[in-house]
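J.: quick one: sequence and predicted model below, then my questions.
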There are 2 protein chains.
Amino acid sequence: MQTLSEENYLKIIYNLDKQGVKKVTPTAIAKALLNNPASVVDMLKKLVEKKLIAYDKTKGAKLTSAGKVIAISVIRRHRLWEVFLAEKLAYEWDQVHDIAEQMEHIRSPDLADRLDKFLGFPKYDPHGDPIPSANGEMVSVCRLMLEEAAVGKTYKVIGVKDSNPEFLQYLKRLDIGIGTTITIKEKITFDNSLMIQIGKNRQMSVSRIFSQNLLICE
Amino acid sequence: MQTLSEENYLKIIYNLDKQGVKKVTPTAIAKALLNNPASVVDMLKKLVEKKLIAYDKTKGAKLTSAGKVIAISVIRRHRLWEVFLAEKLAYEWDQVHDIAEQMEHIRSPDLADRLDKFLGFPKYDPHGDPIPSANGEMVSVCRLMLEEAAVGKTYKVIGVKDSNPEFLQYLKRLDIGIGTTITIKEKITFDNSLMIQIGKNRQMSVSRIFSQNLLICE
DNA sequence: ATTAATTATTAGGTAAACCTAATTTTAATC
DNA sequence: GATTAAAATTAGGTTTACCTAATAATTAAT
């Protein structure tokens, strides 16, 4: 049985690794957790003892399979609660993270599974991140930035990259939410803006900044 | 801002007082929290410093108005989550307490209010305890044991006294749940059993033990 | 390759919330 | 009212998860 803090470390190590960080170092972890590298070193030792990670100065921290199981289940809980908060309690995309950060640590054998069922087995959280299934599998990520979309194709909005409140506010005003369909009409090369069609009949131009922040899926 | 542990102490002090304990002593609190009286004394000092309780050897611990506000809000969150777990996630009455014990400490300004709304502003939790409203008011407890019911009258089931799993199982088999209507047909004095009507057409006899465990409201 | 800068680690410390064991206080009983 | 039992308190310790400051080890830059 692991503590709340241990769960957070495992989750962060998993996430950093997933984000493609070549070496998961104490400093990187400290930055993510907003704490001190010295504290991280302490905890890494503890996690090594518990056989939840392997740590090697030169290779950084790596989850063992036991550690990975825990990390994924924490992530699963986090993302399920995010869906709950957004969908059932009408929170905005940017408000759900901090609360889910707390809720992910609630422990009870089948809570996540019941929640999953209650929510209708969602595949993605409100940020477009895939939700691991009960057995720890994640759907292969169908997820690209609007910027990477191909002209002529139609996509569905699945989330945002950075949950900047202003951006979310703006999306809301445009009536763009999860599931909204977007068709790419034209790429304007000179400023990298895009002419898109939202839903069936609305057309508009969006900036590169915009298209780098919206996540879509075919 | 108070810690999780402080919240638990305030809640317990509130509950002990409500249960009619004449003097809320360190030993009583320790018994309720399954910890040591010495630890309780430590914490009581801290709570006095924070002006959340008044403590006097001879009178025991008493919540200040600030302490009461916190205690009631913890209780509100606890009971709302219990409703959520029972109603939305299909937990049995006896399974919700331990999970709600954890969820009650999730902090976020308006989470409880949103949850309350989502649940349709329930008045009682699955144990028949009243849920404080957002401003801290609790409905006057409409709650009596089936044993105390009057012949001829019709009541609604609001909860159980002791959440004994066997009893809950039995209720389930009888298709008795929260909201089920029960009409008292006859009191059998020789063994204190009751002839009741469940819903519209089912009649059956229940033992005194049974009727001392089911909570109802007119 | 040596110096400078960055990282990692160790040493020693703190705060929260517990604990045990000893002591004092209060209450109960004869 | 003295004795005994129970409860409250104090003293001193532990664990978890942090911290700062100092040192050691890497990595980068001249």
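T.: Here it is on my side, so go on.
J.: all helices for chain A, in order.
T.: A:4-18, A:26-33, A:37-49, A:65-83, A:96-103, A:111-118, A:165-173, A:208-211 (DSSP state H).
J.: residue nearest the middle of chain A, spatially speaking?
T.: residue A:129 (4.0 Å; Cα atoms, centre = their mean).
J.: returning to that earlier point: ranking the helices of chain A by burial, who's on top?
T.: helix A:65-83 (a mean of 21; mean count of other Cβ atoms under 10 Å in any protein chain shown). From N, CA and C alone the C-beta is placed, and that goes for glycine too.
J.: so what touches that helix?
T.: With contact meaning Cβ atoms under 8 Å, 6 or more residues apart in numbering or on different chains, helix A:65-83 is reached by A:2, A:7-8, A:10-11, A:13-15, A:47, A:51-53, A:63, A:96-97, A:99-101, A:103-106, A:111-112, A:115-116, A:119, A:122, A:125-127, A:129-134, A:136, A:138.
J.: that one near DNA strand D anywhere?
T.: No: Helix A:65-83 stays clear of DNA strand D (Cβ under 7 Å from any atom of the strand), getting no nearer than 13.3 Å.
J.: show me the contacts for residue A:119.
T.: Contacts were defined as Cβ under 8 Å, 6+ apart; by that measure residue A:119 touches A:80, A:83, A:84, A:87, A:88.
J.: try it again with 6 Å
T.: Residue A:119 is in contact with residue A:83, counting by Cβ atoms under 6 Å, 6 or more residues apart in numbering or on different chains.
J.: now do residue A:53
T.: Contacts were defined as Cβ under 6 Å, 6+ apart; by that measure residue A:53 touches A:47, A:61, A:63, A:67.
J.: pairing partners for it in the sheet, please.
T.: Here residue A:53 sits in beta bridges with residue A:63, going by DSSP bridges.
J.: model confidence for it, exactly?
T.: The model reports residue A:53 with a pLDDT of 97.
J.: which sections of chain A are below the confidence cut-off?
T.: Chain A contains residues with pLDDT under 70 at A:140.
J.: how about the residues of chain A near chain B?
T.: A:88, A:89, A:99, A:102, A:103, A:106, A:108, A:114, A:118 (Cβ under 6 Å from any Cβ of the partner chain).
J.: would you turn these into JSON lines with distance to DNA strand D?
T.: Compiled in JSON lines, the residues of chain A next to chain B are given as follows (distance: Cβ to the nearest atom of the strand, whole Å):
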{"residue": "A:88", "distance to DNA strand D": "30"}
{"residue": "A:89", "distance to DNA strand D": "27"}
{"residue": "A:99", "distance to DNA strand D": "18"}
{"residue": "A:102", "distance to DNA strand D": "13"}
{"residue": "A:103", "distance to DNA strand D": "17"}
{"residue": "A:106", "distance to DNA strand D": "16"}
{"residue": "A:108", "distance to DNA strand D": "19"}
{"residue": "A:114", "distance to DNA strand D": "26"}
{"residue": "A:118", "distance to DNA strand D": "30"}
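J.: what is the nearest of those residues to residue A:40?
T.: Nearest to residue A:40 among the residues of chain A next to chain B: residue A:102, at 21.2 Å, using Cβ to Cβ.
J.: show the contacting residues for the closest one.
T.: Taking Cβ under 6 Å, 6+ apart, one finds residue B:106 in contact with residue A:102.
J.: near residue A:57, how many other residues are there?
T.: When neighbours are defined as other Cβ atoms under 10 Å in any protein chain shown, residue A:57 has 8 of them.
J.: next, give phi and psi for it.
T.: Main-chain dihedrals, residue A:57, degrees, to the nearest 10: phi -40, psi -40.
J.: so residue A:194 bridges to which residues?
T.: Beta-bridge pairing for residue A:194 (DSSP bridges): residue A:187, residue A:206.
J.: spatially nearest residue to residue A:158, not counting backbone neighbours?
T.: residue A:128 (4.1 Å; Cβ to Cβ, 6 or more residues apart in numbering or on different chains).
J.: who wins for proximity to residue B:35 among the helices of chain A?
T.: Between residue B:35 and these, the shortest gap by Cβ to Cβ is with helix A:4-18, which sits at 19.3 Å.
J.: show me what the closest one is packed against.
T.: Judged by 3 or more Cβ pairs under 6 Å, 6 or more residues apart in numbering or on different chains; DSSP states H and E, helix A:4-18 is in contact with helix A:26-33, helix A:65-83.
J.: and for it, what's in contact with it?
T.: Residues outside helix A:4-18 that contact it (Cβ under 6 Å, 6+ apart) are A:24, A:28, A:29, A:32, A:43, A:61, A:63, A:67, A:70, A:71, A:74, A:105.
J.: among these, which two are most distant?
T.: Maximum distance among those (Cβ to Cβ): 22.2 Å, for A:28 and A:105.
J.: quick one: residues contacting the residue lying closest to residue A:23 once chain neighbours are set aside.
T.: Of all residues not flanking residue A:23 in the chain, residue A:60 sits nearest, at 3.8 Å (Cβ to Cβ, 6+ apart). Counting by Cβ under 6 Å, 6+ apart, residue A:60 touches A:23, A:24, A:25.
J.: quick one: which of the residues you listed is nearest DNA strand D?
T.: The closest of the contacts of residue A:60 to DNA strand D turns out to be residue A:23 (Cβ to the nearest atom of the strand; 8.3 Å).
J.: report how many residues lie close to that closest one.
T.: The burial count for residue A:23: 14, using other Cβ under 10 Å.
J.: of the contacts of helix A:4-18, which ones also sit close to DNA strand C?
T.: Restricting the contacts of helix A:4-18 to those near DNA strand C - Cβ under 7 Å from any atom of the strand - leaves residue A:28.
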